[in-house]
Every structure is written in structure tokens, then in C-alpha cells.
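*Asks:* predicted structure and sequence below. I'll ask about it afterward.
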Amino acid sequence: MTEPRSSVLPTSDLRPHLRGLWLPLVTPFRDGALDEVSLRRLVRHYAALPLDGLILAATTGESLTLEPFETERLVFSVHDEAGGIRKLPILLGLSGSNTRVLSNMLDRTASWPLDGYLISCPYYSRPSQHGLELHFGALADRAAHPVLLYNIPYRTGVNLGNEAMLRLAAHRNIAGLKDCGADRGQSLDLLRRRPHDFAVLTGEDAQYFEALGDGADGGILACAHVETASFAEIGKLMAAGARDAAAARWRSVADVTRLLFAEPSPAPIKHWLWRTGLIESAELRLPMTAVSAELAARLDREIEKRMAASAA
């Protein structure tokens, strides 16, 4: 399976694509295994919608529960299925607190059909800012594809500060940031000071509209599994200066955004995709569990309401 990679975006060509709406794709499971039939159905569905890229094996994709062979199969299957529809950039999510192990993973995936990596800050170990710089610098030096940094301190326990981030932004192989810092002041400061070709995409679904207004280049949104076209349209309207129209569209999906995070993600999203026939099972892997009966009922009511509205 690890044959020489087919033609994907050259390194220098990824940066212009790091804007708009990106989807951190769920990983469908059935009977304990990767459900490739559902996976390919998902890819066909989303490749036909106004997305700007896919991220595989990220948090929403339950990356920490995947075996290495499953991650490989995931990447090749998605690339194969999407390639028959349109060129959709693909990033692979990587995480960990051992720089050497991650470097080896970068070597192992160098020939895979990828356009880049989304690499989160090390978790649990809480390194210093200098340690974070050295960590990401070493990985960017090693990576065969561009790197998108991922700052999410409420999961990792460490915040990548703007001074360190701006020094990393000067690295030729670091293309941007998925911003889940949950600190609007830090985000605004970064947006003001960043290099012109350093992309900032919000990963905070509930703050998507606000982040676009602040100057973010787009979003990596788990909620865009649902009402994908609406989330894409919000970004396009904001880019065109039509803030009132964008705000109206945002109000139409804001409740769904909250609903899909009412319990730990991606359980609510998988329930929605299962109920609408896009995946065969809402199965998750421990320690993640299915939605509660109460939330399942709320999700089902919302699905019915939206299906009725679209049919009217």
C-alpha cells in the first residue's frame, strides 16, 4: 500500500488552499472495524459540496483509537474516492508528546497521498515555549509535506504563545494554524501580526462567525458535517463584505452547532450521519460512547425539522 505517492499539491501550492471551509472527517466504524463502505460514501457526499479540504484522523476522526494500518487505509481510501470527483486537499492529523516518534511517523507517511499535516501541541507533558518551538521546528524540518499547527490548550494542557508561534511562522514548511486557543485577545494579536502567507483557521465551531469577522481565513469545523453549504456560504458572504446576510445565515445554523456539541464529539455528529443514512452505524470506540437517549431524541427532532423544511 505504501507505493510512491501520486501527484498531489506541490508544497508551495498548499498555502493558497488554507482558507474557506475544511472538514475534519469522522472515521466510520462497524463491528469494531473501519467501515470503508461508509467512508467512501461520506467522501463522495462531501466532495460534491463546497468544501475546501479534508482533515483525516483528527480529534473528530477518533485518531487516538486508530491502529497504524487503519490510518493508512483511511488515507488511501479517501484519496482514491475523492480523486474521481475533484482535487480536494487532504491533511493528516498527528498528535503526541514524543518528538522522535512523531518524526518517525512523518517518515513513514512521506509517500502517502497527502497535502499536509495538522499537528497538535504535545499533550500532558506541558513543555516550555522553547520546547514547543524546538518540537515543531524539528517536525517541520522532517516533514515531506507542509505543517498546519494546532493550538488547543484545553485539551493538551499547554498554550503555544504568539511569540513562539510567530517565530515558527517564519519556517518555510509551516503554513498556518488551526486556532482553538479559546482566547480571543491572543487570536486578534496573532491575526494582526502574522506574516501575510500564514493562514489562521478557527477550530471553534461556535465562534466561527466571530472569528471570520476578526479576520480568520476560514474554519476547520466538525459541525460542517451538517448544513455544509450553509457554513461555506457564511464564509463567502463574509469575504464579500455581506456581514448582515452572513449573520442571518449563521443564525440558521447556530443552534445546530450547539446541539452537535451538547455531548462529547463526535458522538452527536455520528448519530446525525447514521440517522440520515450517510454511515451504516453510529459506532464509536472507547473511551468515546454513544449519545444519551435524551440527546438522541433531540437530534432526531432536529433532523426531522430540517428535512421537512428542505422538502417544503
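*Replies:* That came through fine.
*Asks:* for this structure, just list every one of the helices.
*Replies:* Listed in chain order, the helices of the chain (DSSP state H) span residues 11-14, 36-47, 68-83, 99-108, 129-142, 153-156, 162-169, 184-193, 208-214, 228-239, 243-259, 267-275, 293-311.
*Asks:* ok, which of those helices comes nearest D115?
*Replies:* Closest to D115 of those is helix 11-14 (C-beta to C-beta; 5.4 Å). For the C-beta atoms, the positions are set from N, CA and C on the backbone; glycine is no exception.
*Asks:* among the helices of the chain, which comes closest to T59?
*Replies:* Short answer: helix 153-156, nearest of the helices of the chain by C-beta to C-beta, at 7.5 Å.
*Asks:* what are the contacting residues of that closest one?
*Replies:* 59, 120-124, 159-160, 180-182 (C-beta atoms under 8 Å, 6 or more residues apart in numbering).
*Asks:* who's in contact with the closest residue to R86 other than its chain neighbours?
*Replies:* Sequence neighbours aside, A47 is the residue nearest to R86 in space, at 5.9 Å (criterion: C-beta to C-beta, 6 or more residues apart in numbering). By C-beta under 8 Å, 6+ apart, the residues touching A47 are 81-82, 85-86, 88.
*Asks:* could I get those as a markdown table with pLDDT, distance to E72 and neighbour count?
*Replies:* Shown next, in a markdown table, are those (pLDDT from 0 to 100; distance: C-beta to C-beta, whole Å; neighbours: other C-beta atoms under 10 Å):
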| residue | pLDDT | distance to E72 | neighbour count |
| --- | --- | --- | --- |
| E81 | 96 | 15 | 18 |
| A82 | 94 | 16 | 20 |
| I85 | 83 | 21 | 12 |
| R86 | 80 | 23 | 9 |
| L88 | 93 | 19 | 21 |
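*Asks:* tell me the two of those that are most distant?
*Replies:* E81 and R86 (11.2 Å).
*Asks:* before we move on, the earlier item: quick one: the residue nearest to R86 from K87, how far?
*Replies:* Using C-beta to C-beta, to the nearest Å, A47 is found at 10 Å from K87.
*Asks:* now I220
*Replies:* From I220 to K87 the distance is 19 Å (C-beta to C-beta).
*Asks:* have a look at these two and say which one is more surrounded.
*Replies:* Shown here are I220 and K87; by other C-beta atoms under 10 Å, I220 has more neighbours (29 against 13).
*Asks:* which ones are touching the more buried one?
*Replies:* I220 sits in contact with 22-24, 55, 58, 118, 178, 201-203, where contact means C-beta under 8 Å, 6+ apart.
*Asks:* report the buried members of these.
*Replies:* 22-24, 55, 58, 118, 178, 201-203 (16 or more other C-beta atoms under 10 Å).
*Asks:* want to throw the residues you listed into JSON lines with pLDDT and distance to L191?
*Replies:* JSON lines is the format used below for those (pLDDT from 0 to 100; distance: C-beta to C-beta, whole Å):
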{"residue": "W22", "pLDDT": "98", "distance to L191": "18"}
{"residue": "L23", "pLDDT": "98", "distance to L191": "23"}
{"residue": "P24", "pLDDT": "98", "distance to L191": "22"}
{"residue": "I55", "pLDDT": "98", "distance to L191": "21"}
{"residue": "A58", "pLDDT": "96", "distance to L191": "23"}
{"residue": "L118", "pLDDT": "98", "distance to L191": "19"}
{"residue": "K178", "pLDDT": "98", "distance to L191": "14"}
{"residue": "L201", "pLDDT": "98", "distance to L191": "11"}
{"residue": "T202", "pLDDT": "98", "distance to L191": "10"}
{"residue": "G203", "pLDDT": "97", "distance to L191": "15"}
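*Asks:* return the closest of those with respect to M238.
*Replies:* Looking across these and measuring by C-beta to C-beta, the closest to M238 is T202, at 12.0 Å.
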